[in-house]
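Student: Next one to model:
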Amino acid sequence: MTSLDAIRHSPSFSEAPAKPQGGRFSAAKAVEDDDGPLRLLTGGPVSDIVRAACSADEGTAAGAQFGVRSSLRRREGQSVDDSYAYLLDEDAPQKIRAILATTWVSPEALTRLLYDAFADISDRWLALQVLVTERDTLDAHRQAALDTVLAQAQDVPADAVRERKAGIHCAIKARLTSVEMRLEYTPAMLRATYRSFLSSDAPDIEVYQSWIAGFGYERRALVLQFVEGALVDDMQSADPSCTPTGFLTPLARLGILRRLRSCERTFVAQVSQSPHAAPFNSREEDWLHFVLAVLTDPATLDESMREVTGSAALLHDNGAHGRLIGLLHRACSALPGEPLQTPQAREALLDGLRLLAGSAYRGERSDGALDPVSRHRRSV
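Tutor: Modelled structure (predicted):
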């Protein structure tokens with residue numbers, strides 16, 4: 001099994017620019033996810049799902065505070081104000097002014113300037129929209145170059161268009177959510193998370209683990225809330241990143257991840273707060289990694305037990321081990337099964353815990369047989 005440390009929070013996840021102390025766009029706190037009723041996840045055909053999305057206002061509660069709901073429905077780059085609102089590069093105004101002040105007479109030169117200034121495809125597209133609004137101020141050569149670059153940007157593969165639109169539609173939600181996080185967790189990181197959520201073929205639990213590794217286990221609910229809100233905003237937009245059919249897979253995944261969040265939270269609270277776990281490990285983070293590991297592959301149970309109990313396993317008798325294993329068996333029995341676990345995987349996990357419990361019981365009896373005090377008590 002991959003070491004539990006491999007999916008713990010890793011600072012190297014942050015490849016985006018550091019979050020500035022201030023910015024062009026300040027935001028209030030986003031509401032905390034309460035794992036409430038599923039939104040947009042049940043119903044009939046795609047049209048019903050989309051209508052449900054349009055009527056769901058929980059996912060856009062934070063956005064409504066800033067009066068951005070109407071702008072979220074506009075097409076990408078429709079106006080200069082819109083373009084700047086969705087640009088996550090804090091230095092975008094200065095960079096665009098610098099491009100306008102530069103002499104570029106060929107499409108290649110302008111493209112190079114845009115790529116040098118804006119590494120992200122969404123920021124680059126929005127910057128191009130701002131340049132288009134300044135077209136009348138340019139000479140004929142620069143106008144021709146700008147027109148060519150715009151045509152090239154419009155004629156890109158569908159995957160690139162989806163990435164570009166997804167980045168635009170989640171931008172404001174990313175700003176709102178990042179206010180809840182430490183400075184190193186930038187809106188650009190959240191934007192990348194939403195794009196990955198739309199396109200990733202990774203297993204659902206692996207996606208959840210990547211959020212924990214990237215943002216820390218304390219913020220997993222906040223990231224899930226962000227992704228849900230971004231998906232709502234994307235679906236509500238006038239020019240969404242996916243077709244209605246294309247949203248079905250992300251919607252299904254969102255439902256599974258919400259269910260995972262609910263059941264792992266129950267498991268972690270039940271185990272980490274139990275007196276039977278306290279002698280070995282009461283850290284919520286470690287029990288979170290444990291349950292995700294055994295949900296992913298029940299064959300890793302033994303290794304996961306060694307990881308989570310560590311050296312404390314050597315300090316306690318078989319009776320303490322048996323009580324811990326009994327606790328884990330009860331907690332794992334309460335896990336929901338499909339779609340997080342196949343029936344075979346679920347039974348394999350419970351069988352593994354029963355084997356460990358049997359081993360602990362035999363060890364406890366052996367300990368008692370060797371203890372003269374225990375023998376005396378049984379004979380009285």
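
Student: how does the protein divide up, domain by domain?
Tutor: According to automatic domain parsing, the chain comprises the domains 40-251, 273-379.

Student: Can you tell me which of the ones you listed is most buried?
Tutor: Highest mean neighbour count among those (mean count of other CB atoms under 10 Å): domain 40-251, with a mean of 18. The way it works is simple: take the backbone N, C-alpha and C, and place the C-beta from them, glycine included.

Student: State the mean pLDDT of that one.
Tutor: Domain 40-251 shows an average pLDDT of 84 in the prediction.

Student: if we can go back for a sec, dump the domains of the chain to TSV, plus distance to residue 266.
Tutor: Listed next are these as TSV, based on distance: least, CB to CB, whole Å:
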stretch	distance to residue 266
domain 40-251	13
domain 273-379	7
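
Student: in stretch 259-276, what's buried?
Tutor: Burial within stretch 259-276, assessed by neighbour count using 16 or more other CB atoms under 10 Å, is assigned to 259-261, 263-268, 270-272, 274, 276.

Student: Now intersect those with the helices, please.
Tutor: Those of these mapping onto helices are 259, 260, 261, 263, 264, 265, 266, 267, 268, 270, 271, 272, per DSSP state H.

Student: tell me the two of the residues you listed that are most distant?
Tutor: 259 and 272 (20.2 Å; CB to CB).

Student: For the longest helix along the chain, what is the distance to the chain centroid?
Tutor: Longest helix in the chain by number of residues, with DSSP H as the criterion: helix 343-370. Computed by CA atoms, centre = their mean, to the nearest Å, the chain-centroid distance of helix 343-370 equals 36 Å.

Student: same thing with stretch 322-330?
Tutor: 31 Å.

Student: For that stretch, list the C-alpha coordinates in PDB.
Tutor: Only the C-alpha atoms of stretch 322-330 are listed here, as PDB (Å, rounded to 0.1, in the frame of the first residue of the first chain):
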ATOM      1  CA  GLY A 322      -9.100  -6.400  20.800                       C
ATOM      2  CA  ARG A 323     -11.100  -3.400  22.000                       C
ATOM      3  CA  LEU A 324      -9.700  -1.200  19.300                       C
ATOM      4  CA  ILE A 325     -10.400  -3.800  16.600                       C
ATOM      5  CA  GLY A 326     -13.900  -4.200  17.900                       C
ATOM      6  CA  LEU A 327     -14.400  -0.500  17.600                       C
ATOM      7  CA  LEU A 328     -13.100  -0.500  14.100                       C
ATOM      8  CA  HIS A 329     -15.300  -3.400  13.100                       C
ATOM      9  CA  ARG A 330     -18.400  -1.500  14.300                       C
END
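
Student: Of the ones in helices among the buried residues of stretch 259-276, which is the nearest to residue 362?
Tutor: For these, the minimum distance to residue 362 (CB to CB) is 23.7 Å, reached by residue 271.

Student: ok, that closest one - contacts?
Tutor: For residue 271, the contacting residues are 277, 287, 327, 328, 331, by CB atoms under 8 Å, 6 or more residues apart in numbering.

Student: Give me the contacts around the helix or strand where the last one lies.
Tutor: Secondary-structure assignment from DSSP states H and E places residue 331 in helix 318-333. With CB under 8 Å, 6+ apart as the contact definition, helix 318-333 has outside contacts at 267, 270-271, 274, 276-277, 279-280, 291, 294, 309, 313, 349-350, 353-354, 356-357, 360-361, 363-364, 366-367.

Student: And residue 224, how close does it get to residue 262?
Tutor: 10 Å (CB to CB, to the nearest Å).

Student: Now tell me what touches stretch 96-113 from outside.
Tutor: 114, 117, 127, 130-131, 134, 137, 141-142, 145-146, 148-149, 152.

Student: Alpha carbons only: can I get it in PDB?
Tutor: Extracted in PDB, the C-alpha atoms of stretch 96-113 (Å, rounded to 0.1, in the frame of the first residue of the first chain):
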ATOM      1  CA  ILE A  96      -2.500  44.500 -20.100                       C
ATOM      2  CA  ARG A  97      -1.400  48.200 -20.100                       C
ATOM      3  CA  ALA A  98       2.100  47.000 -20.700                       C
ATOM      4  CA  ILE A  99       1.000  44.900 -23.700                       C
ATOM      5  CA  LEU A 100      -0.900  47.800 -25.100                       C
ATOM      6  CA  ALA A 101       2.100  50.000 -24.700                       C
ATOM      7  CA  THR A 102       4.300  47.500 -26.600                       C
ATOM      8  CA  THR A 103       4.900  47.600 -30.300                       C
ATOM      9  CA  TRP A 104       3.700  44.300 -31.800                       C
ATOM     10  CA  VAL A 105       2.800  44.100 -35.500                       C
ATOM     11  CA  SER A 106       2.600  40.300 -35.900                       C
ATOM     12  CA  PRO A 107       0.200  37.700 -34.400                       C
ATOM     13  CA  GLU A 108       3.300  35.700 -33.200                       C
ATOM     14  CA  ALA A 109       4.600  38.700 -31.300                       C
ATOM     15  CA  LEU A 110       1.200  39.400 -29.600                       C
ATOM     16  CA  THR A 111       0.800  35.700 -28.800                       C
ATOM     17  CA  ARG A 112       4.200  35.700 -27.200                       C
ATOM     18  CA  LEU A 113       3.400  38.700 -25.100                       C
END
